[in-house]
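>>> following is a predicted model, sequence given first.
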Amino acid sequence: MPVPRVGDDMSVDGPDNAVLTAAQEKETVTELTEAAERQVKEGDTFYLISHRWWRVWQDYVETTDHSISDGGDPLTAYTPGSFGPFSKRPSSIENSDLVVETPSSEDQTSEPQLKENLVEDRDYILLPEQVWMTFHKWYGGGPALPRKVITMGYGSHEDLAVEVYPLQVHVTVVPPGTKVSMKFSKKDTVGNLQQAICEHFKLDPENVRIWDYFNKLKNKQLTESSKNLQDAYIHMNQDILVEVRANGKWPESGTSSLGTSASSTSSPISGSSNGSVIGREMTVVSESRSIANGPAASKAVTRNGSSLGYPTYSMDKELGPDGWLGSSSSAPKAGPKGVTGLQNLGNTCFMNSALQCLVHTPPLASYFLQDYSHEINRHNPLGMEGELAVAFGDLLRKLWAPGKQPVPPRQFKTKLARFAPQFSGYNQHDSQELLAFLLDGLHEDLNRVKNKPYVEAKDADGRPDIEVATEYWANHRSRNDSVIVDVCQGQYKSTLVCPTCSKVSVTFDPFMYLSLPLPAKTTRTMTVTVFSGDGTAPPASYTVTVPRQGKYKDLMQAVATACNLGSDERLILAELYSHRVFRVLDEPSEWLTAIRDDDRLAAYRLPNSLEKGPLLCLLQRRLETDSYNPRKEGQWKLFAAPLITCLPEEVSTGAELVKIVKKLLRPVERTDRSVPAESMDMDAERSVSDVPNEDVDMVEGGKESPAEPGSNGNSEEVDLDTSDRLDDQSEQPFQLWLTDDKGSTREGSICIDTPVPPAASSARANIKVRYVAVDWSATALEEQYDMSKIDMPPEVLRTGLPATSKKARQEAVSLYTCLEAFLKEEPLGPEDMWYCPRCKEHRQASKKLDLWRLPEILVVHLKRFSYSRYLKNKLETFVTFPVNDLDLSKYVASNSEPQGYVYELYAISNHYGSMGGGHYTAYVKLVDENKWFNFDDSHVSSVNESDIKTSAAYVLFYRRIRSEESALRTDGDDTVVESHGSSQSDVLEVDAGMAGAPSHLVPP
């Protein structure tokens, strides 16, 4: 098998023509991947490849037979069950959907810049270097997106990870005030940073001092050259200030108009850097470029990413002059407490949402505002050496301080990433997963049990449930004793019954939160745009309902019914991307889960009479200039949707082909144009594509040229010489050229009085589909044709808008219904078989859960996210939940708790948008003020209680209402007494008492 060596040519001249079978490709990739994964180490290189392209390749290699029995070309085989006349083997690697813009021909040194918020297994796949080299040898294409493996985490939490988004910082040098953006690895050191800056600006290291300039404040001078950037609190897109000493004097603070608020006479960086930055993935980035992986710019707040690691010293060391980072006043402002926002550090809205809910949990607020240092367990092997608890406590105090200045949770985020690498980096994460980690991590850091005893659970053996439950709870508390257990942990009863011998096993297990299932819909709505194959009708979009677990044939049948498809017609269903046919969906038995909600589908309506004949695929192109460089020659770029029609065998001349094209374009002719279409036919047909093919200045080797962002992914383009410009003064509406499936080449001009030229001779040539580029004149697009009528189809399902409509509320489900579904008896899955001690075999037992002991703070997680092989889906189900009187009495199997089982809602973590992205906010109630507030990162605003119920509700926080509170409410008294004696008034008083002495809680 032709497997390339590392170091082989990585240009995009084209693929290796020695084509393997699908089975050979699959075998080779599997072997190389397994070999690489067995020996991954720090410094290895992985490559990103588009998940969209990867899906097509997977479909290709997983089909059992791609060849024909007589040994014909596997790329053009036309057999039943294949993609018909379309080749199922993917074309060249297409990574343009991962990058903002690819390097232009005038800037070959710049690297492609990744789009924001890309998610692994949704947007891209990571391939070991050898696998990428092999793919590139087979298919060509690109651009190549290499990334390094680094070590993340700390101690026992250390792990290897691919650094998909290197750390980008914005450097300002004073004097003279020059600004530039630079990229580093998080593992680069402060010394590397200094060396790179000095080399770039040609500065003497002895006359340079570098500042952490977060929030435009000189927070801390970076002097420890051996400390890596993650341990130095340097975040994504953070500002770095470089002061240069001139004539023996440092720049005066406050004279550079940079907003500095502190000065220092510290010496420059001490020591030397450990190694050079040369070859360490450091990249200088133009200031005018957009920032990779920043969050959606929905609000004007600071957007910096997080880093890993964090030394043990007090937060006070980087506070501003008023004692609070980012504040500009000399004293705390008077005002309500508990309404302080959190700055978004770069996709940290998930963290901000979870933190606001926890910070406003009254028992936890009361605890962390007191002196809890004596309860910190620094030696618990399951904990974080107490550092997570300290970081959370420090942040909580800042948020409960007077004033409304948003707090940047830099040190907490760094600490979190240090001990939980899964939350590092700059991607969006799940607020519930973070909550689960935080509650468990805080428990272990504050566990009062220093030496956990060994306990062995005894079987119930028919004993009373109350006795067994008490025994289980005592065993649990003997090993787990913290404020988190006191407040947040409950207990449920689990009953397993063997289906063979009827053996009953009863256990009582603790829980920190309840994860309740939502009823999943059995159907799915999908939007498909139907295009006429003969130009008799404009495109029409149809939204059809199909089984959620249906197959392609179900979708085809639904669309055929919706568009009244005749018995003498057929549909070709295709996914469109970048204004071309990306893949054809012609496998009837393929699951619909292979189609994502953000895909764009088109169905082409064609006659059955020409089913065996070739097809004509028209790719629309127009001449566009580079907005970054107007002087540069224009480029032909794809736009609008491709059109497909049957190509009769008798069509052999350019004139006949032009007639077919013009007929197909009839639906987009302008009815208000001054020149009738009929009067242009003969002149246009005589002059179509009079420019000789040899005059075209094609991209070298006919390869795909760089792409720029378009309305749907990145458009293909072809560089042309000035001689290739269409004459705007002529009346010809377009020129026709043979091209490839991407519309990136010109393989032959189509002239009126000459035969249609043959397709280019290459291993990828597909004689069953003729791709023709329609190069439009600007005049024709303005005056004769309205191409907006054949825009790209809409997405299969546009998600992300909160379903607060009347219809959504009518289809709502009760929180009690979700709880009942969680507690109902059901058989275990085949992967969760239970070992029956009586049968001595694994059995598919039935399982029944019951609530037994409820906590003071009940956290309810609504399971909105579901997963399948291709599809990660979010359920937008509207859940109606009680606000003031969640009564769980009938769901609790034990009646041993006199305080009752009625709860009041006090916080909600909301998620808006689709899975893997979207935005998190929090609704929080200040009980003493009886007001709800919306915490949206830095922005905090009041909200009506009637508005807090939406389909975005993801995690609900309830507090138990004591019996005395219930009695007060029954008597009509509005007074609310907080559980554990920790009302929010208590919180404010404790906070006021601690305001001047937080440092003694911080480890030295």
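Okay, I see it.
>>> am I right that Val449 sits in a helix?
No: according to DSSP: H, G, I helix; E, B strand; the rest coil, Val449 belongs to no helix; its state is coil.
>>> tell me the spacing between Ile125 and Glu158.
According to C-beta to C-beta, to the nearest Å, Ile125 and Glu158 sit 25 Å apart. Glycine gets a C-beta too; all of them are placed from N, C-alpha and C.
>>> if you count what's nearby, which of these two comes out ahead?
More neighbours surround Ile125 than the other of Ile125 and Glu158, with 19 against 11 (other C-beta atoms under 10 Å).
>>> what helix or strand is that one on?
Per DSSP states H and E, Ile125 falls inside strand 124-128.
>>> just checking, what packs against that strand?
Packing contacts for strand 124-128, counted by 3 or more C-beta pairs under 8 Å, 6 or more residues apart in numbering; DSSP states H and E, involve helix 22-37, strand 45-50, helix 51-62.
>>> so what touches stretch 831-840?
Contact with stretch 831-840 is made by 496, 498, 500-501, 503, 505, 828, 841-845, 847, as judged by C-beta atoms under 8 Å, 6 or more residues apart in numbering.
>>> I'd guessed Ile752 sits against Leu657; true?
No: assessed by C-beta atoms under 8 Å, Ile752 is found out of contact with Leu657, at 9.3 Å.
>>> neighbour count for those two, which is higher?
Leu657 (22 against 19).
>>> and that one, what does it touch?
Contacts of Leu657 by C-beta under 8 Å, 6+ apart are 616, 651, 736, 750, 756, 772.
>>> can I get those in JSON lines with pLDDT and neighbour count?
Shown next, in JSON lines, are the contacts of Leu657 (pLDDT from 0 to 100; neighbours: other C-beta atoms under 10 Å):
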{"residue": "Leu616", "pLDDT": "90", "neighbour count": "21"}
{"residue": "Val651", "pLDDT": "79", "neighbour count": "18"}
{"residue": "Leu736", "pLDDT": "90", "neighbour count": "22"}
{"residue": "Ile750", "pLDDT": "84", "neighbour count": "23"}
{"residue": "Val756", "pLDDT": "78", "neighbour count": "20"}
{"residue": "Val772", "pLDDT": "92", "neighbour count": "21"}
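>>> so which pair among those is furthest apart in space?
Spanning the widest gap among the contacts of Leu657 are Val651 and Leu736, at 12.6 Å by C-beta to C-beta.
>>> which stretches of the stretch 101-250 of the chain have low pLDDT?
For the stretch 101-250 of the chain, applying pLDDT under 70 flags the ranges 101-110, 154-157.
>>> return the residues in contact with the closest residue to Phe878 other than its chain neighbours.
Closest residue in space to Phe878, ignoring its immediate chain neighbours: Ala812 at 4.0 Å, by C-beta to C-beta, 6 or more residues apart in numbering. Residues counted as contacts of Ala812 (C-beta under 8 Å, 6+ apart) are 877-880.
>>> buried subset of those, written for PyMOL?
The buried residues among those can be selected in PyMOL (16 or more other C-beta atoms under 10 Å) with this line:
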select buried, resi 877+878+879
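>>> which of the contacts of Ala812 fall in strands?
879-880 (DSSP state E).
>>> need the contacts of Ala812 in a markdown table (columns: pLDDT).
Output for the contacts of Ala812, formatted as a markdown table (pLDDT from 0 to 100):
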| residue | pLDDT |
| --- | --- |
| Thr877 | 87 |
| Phe878 | 91 |
| Val879 | 94 |
| Thr880 | 94 |
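>>> reformat the contacts of Ala812 as TSV; add distance to Cys646.
As requested, these are exported to TSV (distance: C-beta to C-beta, whole Å):
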residue	distance to Cys646
Thr877	45
Phe878	47
Val879	51
Thr880	54
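>>> closest one to Pro464 out of the contacts of Ala812, please.
Using C-beta to C-beta, Val879 comes nearest to Pro464 of the contacts of Ala812, at 36.1 Å.
>>> wait, the closest one touches Leu815, no?
Yes: with contacts counted by C-beta under 8 Å, Val879 reaches Leu815, the gap being 5.8 Å.
>>> shaky segments in the stretch 501-650 of the chain?
The stretch 501-650 of the chain contains residues with pLDDT under 70 at 627-631.
>>> go through stretch 587-606 and flag the buried ones.
Quick answer for stretch 587-606 (16+ other C-beta under 10 Å): 587, 590-597, 599-606.
>>> re the thing from before, which of the contacts of stretch 831-840 fall within strands?
Per DSSP E, the contacts of stretch 831-840 map to strands at 496, 505, 841-843, 847.
>>> quick one, which of those are buried?
In the ones in strands among the contacts of stretch 831-840, the ones that pass as buried (16+ other C-beta under 10 Å) are 496, 505, 843, 847.
>>> can you tell me how far the first one is from Val506?
Counting by C-beta to C-beta, the separation of Leu496 from Val506 is 8 Å.
>>> and Glu37, how many neighbours?
10.
>>> now Ala520
Neighbour tally, Ala520, other C-beta under 10 Å: 11.
>>> so what's it up against?
Residues in contact with Ala520 (C-beta under 8 Å, 6+ apart) are 548, 866, 875.
>>> from the residues you listed, pick the one nearest Met787.
Lowest distance from Met787 to the contacts of Ala520 (C-beta to C-beta) belongs to Arg548, with 35.3 Å.
>>> tell me how many other residues surround the closest one.
Arg548 has 17 neighbouring residues, counting by other C-beta under 10 Å.
>>> list the contacts for the closest residue to it other than its chain neighbours?
Using C-beta to C-beta, 6+ apart and skipping residues adjacent in sequence, the residue nearest Arg548 is Arg524, 4.5 Å away. Arg524 sits next to 545-548, 550, 592, 797 when contact means C-beta under 8 Å, 6+ apart.
>>> please redo it, this time with the cut-off set to 10 Å
Arg524 is in contact with 544-550, 554-555, 592-593, 595, 597, 796-797, 871, 873, counting by C-beta atoms under 10 Å, 6 or more residues apart in numbering.
>>> is it in a bridge, and if so with what?
Arg524 has the following beta-bridge partners by DSSP bridges: Val546.
>>> quick one: low-confidence ranges for the stretch 751-900 of the chain?
Counting by pLDDT under 70, the stretch 751-900 of the chain shows low-confidence ranges at 758-767, 798-811, 867-872, 896-898.
>>> all strands for it, in order.
Along the stretch 751-900 of the chain, the stretches classed as strands by DSSP state E, counting those that start in this stretch are 769-776, 813-814, 826-827, 834-836, 841-843, 846-853, 857-863, 865-867, 872-874, 879-880, 886-887.
>>> and Phe437, which of the ones you listed is closest to it?
strand 857-863 (13.2 Å).
>>> roughly how far is that closest one from the heart of the chain?
Its chain's average C-alpha position is 24 Å from that of strand 857-863, according to C-alpha atoms, centre = their mean, to the nearest Å.
>>> that one: partners in the sheet, and parallel or antiparallel?
strand 514-517 (parallel), strand 953-960 (antiparallel).
>>> please identify the most buried of the ones you listed.
Most buried of those by mean neighbour count (mean count of other C-beta atoms under 10 Å) is strand 953-960; its value is a mean of 25.
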